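Novice: here's a sequence, model it:
(one chain, ligands or ions: 1)
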Amino acid sequence: MSETITVAIAYHSGYGHTARQAQAVADGVEEVPGAAARLLDVSEPGDRLWDELAAAEAIVFGSPTYMGGPSAVFQTFAEGSSKVWSEQGWAGKLAAGFTTSAGVNGDKLNTLTSMAVFAAQHGMNWVSLGLPPAWLFTSTGSADDLNRLGGFLGAMAQAPSDLGPEEHPAAADLRTAEHLGRRVARTAVELAAGRRVTAAAA
Ligand SMILES: Cc1cc2nc3c(=O)[nH]c(=O)nc-3n(C[C@H](O)[C@H](O)[C@H](O)COP(=O)(O)O)c2cc1C
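Specialist: Numbering: from 1, shown residues only. Prediction:
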């Protein structure tokens, strides 16, 4: 019998742009049959947050890029997970990441790399973005392309610092975030199905 698996989206957003990206990841998750998204704001840690993360099949981490890395609030959450780490409570779960910054580059890769190392410390399995780079990669590209910012490790989004979250990140970046949500959810559903087959054969 199939089950509905949960993809948790554990994110921080200071001014709302990364929250919009997080919602787009959740929208992508919800498109996948057998998967449900759970949006979790990590600035409100507590037993409920840790319990929901423990129950999830996959955790997608999200943070704005502040001063070239994850925000302090996200890092407080990461450090707060040390008890889970000491028990390797998230080992074997899927992980992925996304970030928003104002600069087109903005050192977003450093934020995603930090999240991937964080996931590795927890023994999680990192799911990459899985999209070719676009826009300036070839002369025929456009700023409306999926993965216009050309990341591989996770979903990147850019939002001018003088525009509010109702206007940005760009539509292409939100579609890229939806893609990440779908990709993580599909992988998580397949993993859960494989686990059921393995358990039945044992
Ligand atoms: C403290 C601080 C540091 C920032 N550092 C960077 C940075 O290193 N690179 C960048 O491109 N943008 C930087 N920004 C801009 C934010 O990444 C950008 O405004 C982003 O959309 C904020 O996301 P949020 O609305 O989810 O907080 C910084 C903003 C703040 C407030």
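Novice: which parts of this protein sit against the ligand?
Specialist: 13-18, 64-68, 100-103, 106-107, 159, 161, 165 (C-beta under 6 Å from any ligand atom). For the C-beta atoms, the positions are set from N, CA and C on the backbone; glycine is no exception.
Novice: three-state assignment of the residue of the chain found nearest the ligand?
Specialist: Nearest to the ligand in the chain, going by C-beta to the nearest ligand atom, is G106, at a distance of 2.4 Å. With DSSP: H, G, I helix; E, B strand; the rest coil as the basis, G106 sits in coil.
Novice: neighbours of A143, just the number please.
Specialist: A total of 13 residues lie near A143 under the criterion other C-beta atoms under 10 Å.
Novice: please compute how far the longest helix along the chain lies from its chain's middle.
Specialist: If you go by DSSP state H, the chain has its longest helix at helix 171-201. Relative to its chain's centre, helix 171-201 lies at 12 Å (C-alpha atoms, centre = their mean, to the nearest Å).
Novice: before we move on, what about stretch 132-151?
Specialist: With C-alpha atoms, centre = their mean, you get 20 Å for stretch 132-151.
Novice: put the alpha carbons of that stretch into CSV.
Specialist: C-alpha atoms of stretch 132-151 as CSV (Å, rounded to 0.1, in the frame of the first residue of the first chain):
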residue,chain,number,x,y,z
PRO,A,132,21.3,22.6,-17.3
PRO,A,133,22.5,26.2,-16.9
ALA,A,134,20.6,28.7,-19.0
TRP,A,135,20.4,32.4,-20.0
LEU,A,136,23.9,33.6,-20.7
PHE,A,137,25.2,30.0,-21.2
THR,A,138,24.4,30.2,-24.9
SER,A,139,23.6,33.1,-27.1
THR,A,140,20.0,31.9,-27.6
GLY,A,141,19.3,31.9,-23.8
SER,A,142,16.8,34.2,-22.1
ALA,A,143,16.4,35.6,-18.6
ASP,A,144,13.0,33.8,-18.6
ASP,A,145,14.8,30.4,-18.8
LEU,A,146,14.6,27.8,-16.0
ASN,A,147,17.8,27.9,-14.0
ARG,A,148,18.7,31.3,-15.6
LEU,A,149,21.3,31.8,-12.8
GLY,A,150,23.1,28.6,-13.8
GLY,A,151,23.4,26.8,-10.4
